[in-house]
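> Please work out how this folds:
(2 chains)
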Amino acid sequence: DSGVTQTPKHLITATGQRVTLRCSPRSGDLSVYWYQQSLDQGLQFLIQYYNGEERAKGNILERFSAQQFPDLHSELNLSSLELGDSALYFCASSPSGGSARDEQYFGPGTRLTVT
Amino acid sequence: AQKVTQAQTEISVVEKEDVTLDCVYETRDTTYYLFWYKQPPSGELVFLIRRNSFDEQNEISGRYSWNFQKSTSSFNFTITASQVVDSAVYFCALSEAHGSGNTGKLIFGQGTTLQVKP
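Got it, this is the predicted structure:
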């Protein structure tokens, strides 16, 4: 158990809908990351937050947005969902400044299925 | 551009065999970090090791060992005397200190599925 929690574990929704994925980092970790794992794209970095501020952005679609709250939990919002958004979404956290050297601890993931 | 290649898609071995998982990376950064993660059937990604670009010493942890060679841009992972519990998908990843603005952006390889048969 990494100490990172994600809810829900599974989510099934229809095309065009909007969902929110939630992540609580390990106690004391200030950085939160979101990754998408799909069969065709593999594991892709979406976005990083550090202490409430956006720190880095990857290939995140405009339909997706995220934020990190004062209590350090983070939410990833996915809207206008398409079939291709079906994937496993991971949250990770790391201590200190969330720099390139930090090891990241991953949550169990949220499996999103868009029908 | 930064890239991580794991050319072996799937490997199947019999228990107690040694197995090496290959990882080749590309980066223009002079300071970077390499990682290995394990994804067992349960799905969670488990951190195994981190190396920085200035430390080419090989590392051993129990049955696991890692060989980092800057000259060939490789960071290979060997499991000695494999066990059924080693069955998982293994990912190699890269982060760049300068290229990404020293953020934690990880670039993953496609992963190698290891199946260890009893």
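> The helix or strand of chain A with the lowest mean pLDDT and chain B, are they touching?
In chain A, the helix or strand scored least confidently by mean pLDDT, DSSP states H and E is strand A:53-57, which has a mean of 92. Yes: counting by C-beta under 8 Å from any C-beta of the partner chain, contacts between strand A:53-57 and chain B involve A:55-56. Where you see a C-beta, it was placed from the backbone N, CA and C, and this is true even at glycine.
> Give me the residues contacting the helix or strand of chain B with the lowest mean pLDDT.
Sorted by mean pLDDT, DSSP H and E, the helices and strands of chain B end with strand B:59-61, the least confident at a mean of 89. By C-beta atoms under 8 Å, 6 or more residues apart in numbering or on different chains, the residues outside strand B:59-61 that reach it are B:49, B:51, B:65-66.
> Nearest to residue B:32, out of these: which one, please.
Distance from residue B:32 was checked for each of the contacts of strand B:59-61 by C-beta to C-beta. The minimum falls on residue B:51, at 9.4 Å.
> Would you map the strands across the chain?
In the absence of a named chain, this looks at chain A. In chain A, the strands defined using DSSP state E lie at A:5-7, A:10-13, A:19-24, A:31-38, A:42-50, A:53-57, A:64-68, A:74-78, A:87-94, A:105-106, A:110-114.
> I was thinking of chain B, sorry if that wasn't clear
B:3-5, B:10-14, B:19-21, B:24-26, B:32-39, B:46-52, B:59-61, B:64-69, B:74-79, B:88-96, B:107-108, B:112-117.
> If you count neighbours, what's buried in the first one?
Buried positions in strand B:3-5, judged by neighbour count with 16 or more other C-beta atoms under 10 Å in any protein chain shown: residue B:4.
> Wondering if it reaches chain A at all.
No: using C-beta under 8 Å from any C-beta, strand B:3-5 never reaches chain A; the gap is at least 9.8 Å.
> Chain B contacts on chain A?
Listed as neighbours of chain B in chain A under the rule C-beta under 8 Å from any C-beta: A:2, A:31, A:33, A:35, A:42-45, A:48, A:55-56, A:58, A:88, A:90, A:92, A:94, A:98-109.
> Count residues in the vicinity of residue B:23, would you?
Burial of residue B:23, expressed as a neighbour count using other C-beta atoms under 10 Å in any protein chain shown, amounts to 27.
> can you pull the contacts of it?
Residue B:23 is in contact with B:4-6, B:34, B:36, B:74-77, B:92, B:109, counting by C-beta under 8 Å, 6+ apart.
> okay, and for the chain, where does confidence drop off?
Reading this off chain A. Applying pLDDT under 70 to the predicted model, chain A contains no residue that meets it.
> I was thinking of chain B, sorry if that wasn't clear
The model of chain B has pLDDT under 70 over residues B:99.
> Would you mind listing what in it touches chain A?
Counting by C-beta under 8 Å from any C-beta, the residues of chain B close to chain A are B:31-33, B:35, B:37, B:42-47, B:50, B:52, B:91, B:93, B:95-97, B:100-111.
> can we see that at 7 Å?
By C-beta under 7 Å from any C-beta of the partner chain, the residues of chain B that approach chain A are B:33, B:35, B:43-45, B:47, B:50, B:52, B:91, B:95-97, B:100-106, B:108, B:110-111.
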